[in-house]
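Student: Pasting the sequence and the predicted model now:
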Amino acid sequence: MTLPADLATAEAALVGARATTEPSPRTGSGFDSHPFGPGNPLAIGGIEVPGGFRLHGHSDGDVALHAIADALLGAAGLGDLGRLFPADSSTPRGVASRELLAAVVARISEAGYRPASVDVTIVAARPRLADRLDNMRDAIATILSLAPARVNVKASTGNLDGAEGAGRSISAQAIAILEPTA
């Protein structure tokens, strides 16, 4: 912006952008973390890891699916997973996170959106996840009704820092993009 006329042009563009009623793509982020608890198997990224210790939580503790659910809900402006499925008697103890994520997809569909793409990073020193990432991607894509190419799953040890690096917990961060259904 160098001339007064530039301000008028920018103002007209901004007012025009606010006046449009057509829904646009929306982006949300999510995060979840759970410590290891008793029992097994480990549910992570929509799959079970045999021999892995279960994550402690009201559900099966799948931090990757929880982070994705929160990212989707955030993008749609629908709150978070804890409000939708509180850790009380209204949510069955041990419920599969796949079921929770499927319910979130239905909720965002009712709001006029569908998932367009998802990117998730899982932070864990144990177990090693590199050889399971494609299986996780495929499981997540199936739940979200997306092509696998629209889902990206990464794993990090977190440089062996914090509770994840010490092998006491697993966390996940996700970014989701929604597109309008109409």
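Tutor: Arrived safely, thanks for sending.
Student: From now on I want contacts and neighbour counts done on CA atoms only, so please keep to that.
Tutor: OK.
Student: Looks to me like Asn159 is in a strand.
Tutor: No. In this structure, Asn159 is helix, not part of a strand, as judged by DSSP: H, G, I helix; E, B strand; the rest coil.
Student: Quick one: residues contacting it.
Tutor: Asn159 sits next to Gly165 when contact means C-alpha atoms under 8 Å, 6 or more residues apart in numbering.
Student: just use 52 as the starting number from now, easier for me
Tutor: Sure, I'll start numbering at 52, so the last one becomes Asn210.
Student: Quick check: pLDDT value at it.
Tutor: If you check Asn210, the pLDDT there is 83.
Student: do you know how far it is from Gly128?
Tutor: Between Asn210 and Gly128 the distance, using C-alpha to C-alpha, to the nearest Å, works out to 33 Å.
Student: Kindly report the same for Gly145.
Tutor: For Gly145 relative to Gly128 (C-alpha to C-alpha), the value is 27 Å.
Student: cool, Tyr164 as well?
Tutor: In this view, Tyr164 and Gly128 are 11 Å apart by C-alpha to C-alpha.
Student: out of those two, which sits in the busier spot?
Tutor: Neighbours were counted for Tyr164 and for Gly128 using other C-alpha atoms under 10 Å; Tyr164 has more, 24 against 14.
Student: give the contact list for the nearest residue to the more buried one once chain neighbours are set aside.
Tutor: The shortest distance from Tyr164 to any residue that is not its chain neighbour, by C-alpha to C-alpha, 6 or more residues apart in numbering, is 4.4 Å, and that residue is Pro231. Contacts for Pro231 were tallied using C-alpha under 8 Å, 6+ apart; they are Pro74, Ser75, Pro76, Gly163, Tyr164, Arg165.
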